[in-house]
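Colleague: need the 3D shape of this:
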Amino acid sequence: MIRLDSIHTIKYDGTDFQTVLHEHEALSHPFAITMFESSIYYSDWRSNSIIKANKFNGSNVTTIHRTYTQPFDVKVIHPSRQPRVVSNPCQFNNANCSHLCLLSFNQTYKCGCPHLMTLGSDKKNCITYEKMLLFSRLNEIRAVYLNEPYYYSAPPLSLNLIVNPANLHFVAKNKQIFFLDGQSTFQCRQPVM
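Modeller: Next comes the predicted model:
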């Protein structure tokens, strides 16, 4: 199989095959691609870049962003690309949710809570909930709810200096985690939120 690092267009019925971009210095290994207005945006694995070009003829090739690692995907987020909603249940008074109103399908919603909180029995108001399992593993510290172990109760902590965190302590009053690093003499106090 011959592999061409190129970008093409074709109609749904398989006709009108056209080359948009081929043998260009900014096109060494395209991976993900998206379109918006008159441009294509693609990730390139060899240059670790996000690149933009004219979607009709491949002109105006511009590097938008470079990274240290291979970018796996690229998406354009813009109001014109969002579904048109007749009504938004969260639009007025946050649908009576105390903290977060999360839109769902068919114009429905669900109330949500920030970390270290959970929904009360009314499913509208958040209450403080600090019953969690705190655990460490190589290079990070995690916290999950005791009654829902598949949900993080706080964002995972991963600092450059964390190698083998141990001896974890949580001070609820200050919402801080204290720990020692088993690989060094490093001690840390880290806020959870």
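
Colleague: use CA for all of it now, contacts and neighbours both
Modeller: Fine.

Colleague: quick one: pLDDT of residue 135?
Modeller: Listed pLDDT for residue 135 reads 86.

Colleague: and what about it, helix, strand or coil?
Modeller: strand (DSSP: H, G, I helix; E, B strand; the rest coil).

Colleague: secondary structure element holding the nearest residue to it once chain neighbours are set aside?
Modeller: What sits nearest to residue 135 in space, not counting adjacent residues and going by CA to CA, 6 or more residues apart in numbering, is residue 142, at 5.5 Å. Here residue 142 sits within strand 140-145, counting by DSSP states H and E.

Colleague: one more: residue 19?
Modeller: strand 18-22.

Colleague: show the average pLDDT along the helix or strand following that strand.
Modeller: Of the helices and strands lying after strand 18-22 in sequence (DSSP H and E), the nearest is strand 30-36. Mean per-residue pLDDT for strand 30-36: 90.

Colleague: contact partners of strand 30-36?
Modeller: The contact list for strand 30-36, computed with CA atoms under 8 Å, 6 or more residues apart in numbering, reads 5-6, 40-45, 55, 72-76.

Colleague: would you confirm that residue 158 contacts residue 136?
Modeller: No - in this structure, residue 158 is not within contact of residue 136 by CA atoms under 8 Å, at 10.1 Å.

Colleague: quick revisit: can you list the contacts of strand 30-36 in a markdown table and add neighbour count and secondary structure?
Modeller: Listed next are the contacts of strand 30-36 as a markdown table, based on neighbours: other CA atoms under 10 Å; DSSP: H, G, I helix; E, B strand; the rest coil:
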| residue | neighbour count | secondary structure |
| --- | --- | --- |
| 5 | 15 | coil |
| 6 | 15 | strand |
| 40 | 20 | strand |
| 41 | 24 | strand |
| 42 | 27 | strand |
| 43 | 27 | strand |
| 44 | 24 | strand |
| 45 | 19 | coil |
| 55 | 21 | coil |
| 72 | 14 | coil |
| 73 | 13 | coil |
| 74 | 16 | coil |
| 75 | 12 | coil |
| 76 | 11 | coil |
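
Colleague: this completes my enquiry, with thanks.
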